[in-house]
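Q: need the 3D shape of this:
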Amino acid sequence: TQYAEASLTILRQLRYHCMNSGLDGWRQGTLRRKVLIVDDSLVTRKLVARAFEKANFIVDTAENGVEGVKKMKTCIYDIAFMDIDMPVMNGFEATKAFRQWEDIIRPGARQPICALTAAYVDDFERSELMKFKEAGLDVMESKPCNIPRLFKVVDDVSPMFSDLSISVSQTR
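A: Down below sits the predicted model:
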């Protein structure tokens, strides 16, 4: 537990430094965070894109897995929201293809990818959950999209550790 406490302290100090340097773009700084929405449904792409744009995110969209993989290869996003059931290339295939490329070209850097599925995620059997994990998907959310939950997902995978509470006292 000593190492865990020391690690948490370091993470809190890093977040404190990032916030004071204007690096926590969504909440306090001037840098804008970036998301990718990969979905064959124009309605879903527009709904999610508008919500994130209103929160001052930069939003890219793609209508199938092939386009999504191309965009993830050229840009690093805070998160990519990936529909599972799409024409041309589905979300599982797209994520697997991207993870293989990522392991070779960007080793050590992992693009967070959240699966968007029409199935109710809480009802999945273990074997179904393993299929998502084996594809390389990090998080799963059900559709229709619950926008506040999507924002929470972005917070959870944020490199700025936005869920950590800060209790740093400054001494001079």
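Q: hey, let's count contacts and neighbours off CA atoms from now on
A: Will do.
Q: and I104, how far from K73?
A: Distance from I104 to K73, counting by CA to CA, to the nearest Å: 12 Å.
Q: mind listing the helices for the protein?
A: 2-20, 42-54, 65-74, 91-105, 126-135, 147-157 (DSSP state H).
Q: so which of the ones you listed is nearest T117?
A: For T117, the closest of the helices of the chain is helix 91-105, at 9.4 Å, according to CA to CA.
Q: buried residues, that closest one. List them.
A: By neighbour count on 16 or more other CA atoms under 10 Å, the buried set for helix 91-105 is G91, F92, E93, A94, T95, K96, A97, F98, R99, E102.
Q: tell me the one among these nearest to D39.
A: For the buried residues of helix 91-105, the nearest to D39 is G91 (8.8 Å; CA to CA).
Q: so, low pLDDT: which residues of the chain?
A: Applying pLDDT under 70 to the chain flags residues 1-31, 119-127, 158-172.
Q: ok, N146 - how many residues close by?
A: Per other CA atoms under 10 Å, the neighbour tally for N146 reads 11.
Q: could you do the one 10 residues further on as well?
A: In terms of burial, D156 registers 14 neighbours under the definition other CA under 10 Å.
Q: ditto for F52
A: Using other CA under 10 Å: F52 sits among 19 other residues.
Q: wait, it touches V59, no?
A: Yes: with contact defined as CA atoms under 8 Å, F52 and V59 form a contacting pair (7.0 Å).
Q: adding distance to I147, write the buried residues of helix 91-105 out as JSON lines.
A: As requested, those are exported to JSON lines (distance: CA to CA, whole Å):
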{"residue": "G91", "distance to I147": "20"}
{"residue": "F92", "distance to I147": "22"}
{"residue": "E93", "distance to I147": "25"}
{"residue": "A94", "distance to I147": "23"}
{"residue": "T95", "distance to I147": "22"}
{"residue": "K96", "distance to I147": "26"}
{"residue": "A97", "distance to I147": "27"}
{"residue": "F98", "distance to I147": "25"}
{"residue": "R99", "distance to I147": "26"}
{"residue": "E102", "distance to I147": "28"}
